[in-house]
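> The sequence and its predicted three-dimensional model are supplied below.
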Amino acid sequence: MSEPAVAPSATEIPREPVDWLPLALPAIVAVVALPLVGDPWTWLTLTIAGLAMGMIIFTVSSGLMLVFGLMDVLNFGHGAFIALGAYVGLSVLVPLTPWVEATSVLLNLAVFALALCAGVAVTGLVGFVFDRLLIQPVYGNHLKQILMTTGGLIIIEQLIRAIWGAETVSFNLPATLRGSWLLGESAVERYRVVALGIGCAVFAGLWLILTKTRIGLMVRAGVENREMLEAMGYRTRHLFVGVFVVGAMLAGLGGVMWGLYLQNFTAAIGAQINVLIFIVIIIGGLGSTTGCLIGALLVGLTTNYVGFAAPKIALFSNILIMLLVLLWRPQGLYKVVDR
Amino acid sequence: MTREPPGSSVILRLLSGDLPRSRLLTAILIAIVIGLVVVPFLVPGARSLNTSAKIMIFIALVASYDLLLGYTGIVSFAHTMFFGIGAYGVAIASSRMEPGWTALAVGSVLAVLLSTVLATIIGLFSLRVRAVFFAMITLAVATAFSTLMSQLSEWTGGEDGITFKMPYVLQPAFRLFEEPVLGVVINGRILTYYAIMIVVAVLFLLMLRIANSPFGRVLQAIRENSFRAEAIGFRTVLYRTFANVIAAVFATLAGILMAIWLRYNGPDTTLSLEIMVDILLITVLGGMGTLYGAIVGSALFMVAQTYLQDLMSFVSKTTEYIPVIGSIAHPDRWLLWLGLLFVLSIYYFPQGVVGSLRERFRGS
């Protein structure tokens, strides 16, 4: 264990001299958007909304990115975990409406935390079963993985419809998190700031675990070269299961947040966000945490700017960004895995 | 392949030397084809005619998907998009222009061109690096496309879709003969049915030809080991992109047939996720990389769909009082069972019907 601890401990996920240009991309997009939006206060509102959306998307896509990077498994069922998280959050918040509506900040936050925990717990459990039943049997076969996990997505989505109903569901934010703060002339929704905070915490946590702990070291080593890790005597099998479950949990956490962000949604929420997170991890590069963050922020920001300035093309802005990034760097912003 | 009786060289050439290679499979295929031919006379009625027409169109659609999934080994989620482009091309042209052969031709040609361009762009962008990207990017593009189609409601009719007219010869009011033939009036519907049959047959034989050409062999080589294929000197990106374009064009043609048959097109008939799942399931169930699987799978699936949904509404009605079972068996949950069937067939039945039959033949 002494050898690997020496070299990588001081470096971050993207090795080599720090590649700063991708890091600056969200800022560049924000600056470019300023004259397009016009009013600086509106721009500030949009920017914060975009960053908040970006951090939620990062939370949901980081799990997929890790699983893809480490296990080389493209999980099309990831969106189902997100949908599941949102619905579990709903099931916690709706029966506890008195707590949600209570004026006490403590009760509000307690019910919010409870919803997050429930979402994480349920998706973690489902993720474990999902891995056992659908991922492990087709391990190492891309084609079958895509087919299997697509099947899993459909099954979970339909089960959600069977359990919670096919209609649009809606729920309220806890009272304390509703409304907005005024920052100069721009209104900043409170929940977005909270989401931004949670997203940053997730990123910081992931970053710390990946760079400062032994488990993180093994995960990163596995992403870079799985065979070598196995050759050194580690059981990647357990690592995979752990990473998959953590990925599902992150999806559940983000799912609760995403559900509260949208406030009303249907079971199709999973398939819809699947598209977004695929765009994010393609932009970010395979297996790169930083790339994933930048991709998520880019998607969040442009969705908000374009949605304000030209709602008609909002649909294609994300695909356009993805194509531009792929033209610039065919492997995505940061390439970690070379398979 | 060596077992074919002498004197069947015409058939052998028609099928590009790719015979079913199993007696039982041959029998099933012949039965399906004969069944499709005689349906209008044997089981007259709108429902059976509809199901048979849908089987034929799906044969073309699924076979084209098999060229991608089964022969080239890449997963596309944009196949319904190309299917939709064909159907919308005919639909929009026929509703905007004077309905007739010109509108049909203009719509079809424009649709095929659009599909070619789109498929080339998608292929070159996403197949450059990793084939896995392709699945993700096609999903994104297809989702954006179907949202676009429902937003451009002025042209596409939005969620409601568009109804339009076909050339007079293909309309139900048209009579080919004054007198009924074998008790059946040969109207425009039946004429359309047989026209679709001929087109599908030609398309299928063409795909069989492509799959068994040197080009098709390269695709299979790429499926088996793209690294080696590249090393031998084949530009895998170009081959994969070309395969994508071919599949897209055939899917567009299937979409055109769908529009001609239904004289209506909307998101649910050609673009929905459910159809994509249908295509995936039929391809896997029939047998990936066999093309014949498309025939067996489509026939099986369409018949099963018709009857299973009846069964499900029956079960759902009788179990209404049980909370979860009742809602799981509800006909709206049809997709749940499709998904389960899909996963189970990949797990236990990866070769599909055709693959299994061929294996048995080889074993005996």
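Looks like it arrived, so ask away. Numbers count the residues shown, from 1 in each chain, chains lettered A, B, ... in the order given.

> Which residues are in contact with residue B:309?
B:331, B:334 (C-beta atoms under 8 Å, 6 or more residues apart in numbering or on different chains). C-beta: built from backbone N, CA, C; applies to glycine.

> where's it, which helix or strand?
Residue B:309 belongs to helix B:292-318 when assigned by DSSP states H and E.

> Equivalent analysis for residue B:355, please.
Per DSSP H and E, residue B:355 falls inside helix B:352-363.

> what is the mean pLDDT for that helix?
For helix B:352-363, mean pLDDT is 78.

> Report how many residues lie close to residue A:335.
Residue A:335 has 17 neighbours, counted by other C-beta atoms under 10 Å in any protein chain shown.

> tell me the contacts of residue 196?
I'll assume chain A. Taking C-beta under 8 Å, 6+ apart as the test, what residue A:196 contacts is A:48, A:51, A:52, A:55.

> oops, I was thinking of chain B
Taking C-beta under 8 Å, 6+ apart, we find residue B:196 in contact with B:53, B:56, B:57, B:257, B:260, B:261.

> what's the answer for residue B:258, then?
Contacts of residue B:258 by C-beta under 8 Å, 6+ apart are B:57, B:83, B:86, B:87, B:265, B:269, B:270.

> Sort out for me which of the contacts of residue A:196 are in helices.
Counting by DSSP state H, the contacts of residue A:196 place A:48, A:51, A:52, A:55 in helices.

> which of the residues you listed lies closest to chain B?
Of all the ones in helices among the contacts of residue A:196, chain B sits closest to residue A:55, with 21.0 Å by C-beta to the nearest C-beta.

> how about the residues of the stretch 151-300 of chain A near chain B?
With C-beta under 8 Å from any C-beta of the partner chain as the criterion, the stretch 151-300 of chain A comes near chain B at residues A:151-155, A:158-159, A:161-163, A:166, A:271-272, A:274-275, A:278-279, A:281-282.

> Swap in 6 Å and give it another go.
Proximity of the stretch 151-300 of chain A to chain B (C-beta under 6 Å from any C-beta of the partner chain) is limited to residues A:151, A:154, A:155, A:158, A:162, A:275, A:278, A:279.

> can you name the two of those that are farthest apart?
Using C-beta to C-beta, those span at most 29.5 Å, a distance reached by A:162 and A:279.

> So between those two, which is more surrounded?
residue A:279 (25 against 21).

> Switch the ones in helices among the contacts of residue A:196 over to CSV; also include pLDDT and distance to chain B.
Output for these, formatted as CSV (pLDDT from 0 to 100; distance: C-beta to the nearest C-beta, whole Å):
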residue, pLDDT, distance to chain B
A:48, 89, 26
A:51, 91, 22
A:52, 91, 22
A:55, 92, 21
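
> Counting neighbours, which of the contacts of residue B:258 comes out on top?
Within those, neighbour counts (other C-beta under 10 Å) peak at residue B:83, which reaches 34 neighbours.

> That one and residue B:255 touch, don't they?
Yes - counting by C-beta atoms under 6 Å, residue B:83 touches residue B:255, with 4.2 Å between them.

> returning to that earlier point: helix B:352-363 and the helix holding residue B:309, what's the angle between them?
130 degrees (axes from the mean of the first three to the mean of the last three C-alpha atoms, to 10 degrees).

> model confidence over helix B:292-318, on average?
For helix B:292-318, the per-residue pLDDT averages 83.

> and what of stretch A:228-244?
In this model, stretch A:228-244 has an average pLDDT of 86.

> Pull out the buried positions in that stretch.
For stretch A:228-244, a neighbour-count test (16 or more other C-beta atoms under 10 Å in any protein chain shown) marks A:229, A:236, A:239, A:240, A:241, A:243, A:244 as buried.

> Now intersect these with the helices, please.
Filtering these for helices - DSSP H - leaves A:229, A:236, A:239, A:240, A:241, A:243, A:244.

> Nearest to residue B:185 among these?
Using C-beta to C-beta, those come closest to residue B:185 at residue A:244, 61.1 Å.

> Tell me the spacing between that closest one and residue B:18.
41 Å (C-beta to C-beta, to the nearest Å).

> Residue A:119 too?
On the measure of C-beta to C-beta, residue A:119 and residue B:18 end up 51 Å apart.

> the more surrounded of those two?
residue A:119 (30 against 16).

> Skipping its backbone neighbours, what lies nearest the residue nearest to the spatial centre of chain B in space?
The centroid of chain B falls nearest to residue B:61 when counting by C-alpha atoms, centre = their mean (1.9 Å). Counting by C-beta to C-beta, 6 or more residues apart in numbering or on different chains, residue B:254 is the residue found nearest to residue B:61 once chain neighbours are left out, at 4.0 Å.

> Report how many residues lie close to the one you found.
When counting by other C-beta under 10 Å, one arrives at 30 neighbours for residue B:254.
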